[in-house]
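Undergrad: Predicted coordinates and the sequence they were generated for:
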Amino acid sequence: MPTRMRAVVKRGTSVTVSQVPVPRPAHGEVLIGVELAGVCRTDIYAAKGLLPCADPLILGHEFAGVVVALGPEVHRFSPGDRVAVMPVIPCGLCRRCAADEPECCPHHDFLGVGRHGAFAEYVAVPANVVHPLPDHLSFREGAYAEPVCAAMAVRKTAIHPRERGLVYGDNRIAELTKRVLHSAGFDIVDTYAEDSATPLETDAYDYVIETRPTGPAFDEMIRAVRPGGRIILKSRPAAPVPIGLRAVLRKELVLESASYAPFAEALAFLAKHDVTDLLGDTYALEDFTDAFTADGAGEERKTFLSCRPR
Ligand SMILES: [Zn+2]
Ligand SMILES: [Zn+2]
């Protein structure tokens with residue numbers, strides 16, 4: 001077992017690939033050799049200093065890999081197990097945790113934000129957020145489970161398959177959200193590109209799901225949803241977003257948010273649905289800047305970093 005590893009480390013305002021110590025799995029933790037890690041808006045916000053985060057910090061939270069060592073009192077896994085990891089580290093003490101909804105724990109810590117993440121050869125995480133990766137799922141698909149988990153959260157809201165819905169945006173998150181809805185019998189769902197030449201109909205939708213929250217986008221969503229309809233919030237913008245509350249009240253709209261579905265449901269979705277067309281290029285860890293640029297630019301396909309220990 002090596003003692004040093006490569007990792008994408010943020011120190012103050014600089015983000016570099018550095019040699020750092022391989023973490024040791026603490027009590028209840030699993031040490032994972034990271035195979036692939038996905039790049040996400042959250043990583044880019046953290047890298048740019050737009051999110052409060054730990055310092056120094058290894059970035060990255062969407063990943064899959066292989067168990068290499070176990071901390072004390074971990075019996076559920078063995079070295080060599082292929083796994084995917086939910087980056088939400090629950091507090092274990094609150095009402096959501098007691099209700100077996102750890103993915104919705106409001107007091108959670110988050111990999112790659114509050115504690116060291118997965119843009120590294122190895123990462124140590126609590127065993128209770130580690131999930132076996134089914135044999136027929138690739139590491140890429142496993143690393144994509146967290147975005148699927150976030151998209152699937154919309155199914156927890158009060159929207160109904162017979163209603164007419166709109167996913168506002170034409171990025172990969174909008175496409176994934178639409179597929180997740182289709183898989184649950186929601187067939188009357190449009191997507192809308194913000195730069196579309198055709199304006200949205202007014203009062204046309206029972207619900208609208210946002211995928212990129214900005215003030216102008218909210219103006220449009222509020223206009224497009226019918227009076228009494230709902231707007232589903234699912235993004236985590238780095239900064240506050242202005243919303244025209246006067247218009248919300250005039251139409252008596254419902255604003256409803258949804259963070260995550262259970263992680264196991266995301267793996268089950270991936271086992272049944274092919275999403276490979278939403279998955280893009282893989283970059284070497286050393287080329288993380290290119291990967292961040294590629295991911296932020298088009299947002300059509302998920303970008304990955306290859307982190308496999310050398
Ligand atoms: Zn993410
Ligand atoms: Zn909790």
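TA: Looks like it came in fine. Numbering: from 1, shown residues only. Ligands and ions are numbered 1, 2, ... in the order given.
Undergrad: tell me what the helix or strand hosting F63 is packed against?
TA: Element membership for F63, per DSSP states H and E: strand 62-70. Judged by 3 or more Cβ pairs under 8 Å, 6 or more residues apart in numbering; DSSP states H and E, strand 62-70 is in contact with strand 29-38, strand 82-85, strand 122-126, helix 139-143, helix 145-152. Every residue, glycine included, has its C-beta placed from N, CA and C.
Undergrad: Now distance to ligand 2 and mean neighbour count too, for the ones you listed, in CSV please.
TA: What follows is the helices and strands packed on strand 62-70, written out as CSV (distance: least, Cβ to the ion, whole Å; neighbours: other Cβ atoms under 10 Å):
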stretch, distance to ligand 2, mean neighbour count
strand 29-38, 18, 26
strand 82-85, 18, 24
strand 122-126, 13, 24
helix 139-143, 24, 24
helix 145-152, 17, 26
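Undergrad: Save these as TSV, and put in distance to A258 too.
TA: Shown next, in TSV, are these (distance: least, Cβ to Cβ, whole Å):
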stretch	distance to A258
strand 29-38	20
strand 82-85	21
strand 122-126	24
helix 139-143	22
helix 145-152	9
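Undergrad: which stretch among these comes nearest E101?
TA: helix 145-152 (12.5 Å; Cβ to Cβ).
Undergrad: mean confidence score for the following helix or strand past that closest one?
TA: Note on helix 145-152: by DSSP H and E, the next helix or strand toward the C-terminus is strand 165-168. For strand 165-168, the mean per-residue pLDDT is 97.
Undergrad: For strand 165-168, which strands pair with it and how are they oriented?
TA: Applying DSSP bridges, strand 165-168 is found paired with strand 189-192 (parallel), strand 205-210 (parallel).
Undergrad: just so I know, which of these lies nearest ligand 1?
TA: strand 205-210 (16.2 Å; Cβ to the ion).
Undergrad: Would you enumerate the residues in contact with P23?
TA: 31, 116, 122-124 (Cβ atoms under 8 Å, 6 or more residues apart in numbering).
Undergrad: okay, these in JSON lines with pLDDT and distance to V148 next?
TA: Shown next, in JSON lines, are the contacts of P23 (pLDDT from 0 to 100; distance: Cβ to Cβ, whole Å):
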{"residue": "L31", "pLDDT": "98", "distance to V148": "25"}
{"residue": "H116", "pLDDT": "98", "distance to V148": "24"}
{"residue": "Y122", "pLDDT": "98", "distance to V148": "24"}
{"residue": "V123", "pLDDT": "98", "distance to V148": "20"}
{"residue": "A124", "pLDDT": "98", "distance to V148": "24"}
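Undergrad: quick one, which of the strands paired with strand 165-168 is packed in tightest?
TA: Ranked by mean neighbour count, the strands paired with strand 165-168 are led by strand 205-210 with a mean of 25 (mean count of other Cβ atoms under 10 Å).
Undergrad: Just want the angle from that one to helix 145-152.
TA: Angle, strand 205-210 to helix 145-152, by axes from the mean of the first three to the mean of the last three Cα atoms, to 10 degrees: 150 degrees.
Undergrad: Contacts for strand 205-210, please.
TA: Counting by Cβ under 8 Å, 6+ apart, 154, 157, 159-160, 163-169, 174, 177, 190, 217-218, 221, 224-226, 229-235 sit against strand 205-210.
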